[in-house]
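[1] No letters, just coordinates:
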């Protein structure tokens, strides 16, 4: 089974936990086994938000996760990037995992958002999708949906290419 | 079936949506049919947070709800009070419904929290439970658990009293 990891830093925005649960739900629907790696307060919010674990079954501490992390442990990295610390986590996980990666950059303040976006761009080759988001999760949810859809299409394309190549050989 | 209504104002704190979902889950477990009445952005956050509606099935706009509200429509009112507007909503719903009510007061700033608490105290006879909460939902979750437990015990006590009286008569 394909494995995805969602990274959550300390939550400043009311949109982060709802969108993290939503992302876990979407990725599960795409056939991923999903783990959420987060800071202690972000973890508590996910726990309270999903008391029966319908959406998020695997919750890990982001620091312990990092300690034992190796290339190839996950097939997809999704980082919630809304603070400086979250940028650092994303860049670090990106370089260790060396896998398909998406940074979901958001902030109430446009300048901060652009700064986070540029820092991710300069330090990784990850896909980036961003929106100003605070109270209203919709702009970011729509962009996340689009990015995951694009990824799914490109995965299918790659699989078909591989299939064609196998059939050709 | 007993009916409960949860009131949500615009979310400032990252704890509000997770705790609202948690409260719906707890009240459902206590045998209530739960409705969440909220502002548009709070509603979107609940939708994103629970895409398969495991926890919250009935979501209504707080203003439309208020328009058609009558005494006796709900058996329990739970208000999330973290802003001035949320205080007003709670006080208004309290006086229309005239039912068992609990205000969950929270804010990152102690002074604001105390101000909201006092305003609710001066304008209603509702139970109040409060905690400083922003990133970490645990203090507020623990207080909510305690308040609901107390309410459940008092409900059981009342039912037993009623039963005794019926048996006596």
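    Yes, it's here. Since the model is a prediction, treat every value here as computed from it, not as a measurement.
[2] all helices in chain A, in order from the N-terminus.
    Secondary structure of chain A (DSSP state H): helices at A:16-29, A:40-49, A:62-67, A:84-97, A:110-123, A:138-168.
[3] Just name the shakiest helix or strand of chain A by mean pLDDT.
    helix A:138-168 (a mean of 85; mean pLDDT, DSSP states H and E).
[4] Can I get the helices of chain A in JSON lines including distance to residue B:13?
    Where you see a C-beta, it was placed from the backbone N, CA and C, and this is true even at glycine. Shown next, in JSON lines, are those (distance: least, C-beta to C-beta, whole Å):
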{"stretch": "helix A:16-29", "distance to residue B:13": "11"}
{"stretch": "helix A:40-49", "distance to residue B:13": "10"}
{"stretch": "helix A:62-67", "distance to residue B:13": "22"}
{"stretch": "helix A:84-97", "distance to residue B:13": "19"}
{"stretch": "helix A:110-123", "distance to residue B:13": "19"}
{"stretch": "helix A:138-168", "distance to residue B:13": "18"}
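[5] Residue ranges in chain A under the pLDDT threshold?
    The model of chain A has pLDDT under 70 over residues A:166-169.
[6] Could you tell me which residues of it lie near chain B?
    For chain A, the contact set with chain B under C-beta under 8 Å from any C-beta of the partner chain comprises A:10-19, A:21-22, A:25, A:41, A:44-46, A:48-52, A:54-55, A:135-138, A:141.
[7] now with 6 Å?
    Residues of chain A lying near chain B by C-beta under 6 Å from any C-beta of the partner chain: A:11, A:14, A:17-18, A:21-22, A:25, A:41, A:44-45, A:48-49, A:51, A:54, A:135-138, A:141.
[8] Now the buried members of those residues.
    A:11, A:14, A:17-18, A:21-22, A:25, A:41, A:44-45, A:48-49, A:51, A:54, A:135-138, A:141 (16 or more other C-beta atoms under 10 Å in any protein chain shown).
[9] Show me what counts as buried in stretch A:114-122.
    Under the neighbour-count criterion of 16+ other C-beta under 10 Å, stretch A:114-122 has A:116, A:117, A:119, A:120 buried.
[10] And the residues you listed, which is closest to chain B?
    Of all these, residue A:116 has the smallest distance to chain B: 17.6 Å, by C-beta to the nearest C-beta.
[11] for the closest one, what are its contacts?
    Contacts for residue A:116 (C-beta atoms under 6 Å, 6 or more residues apart in numbering or on different chains) come out as A:81, A:87, A:105.
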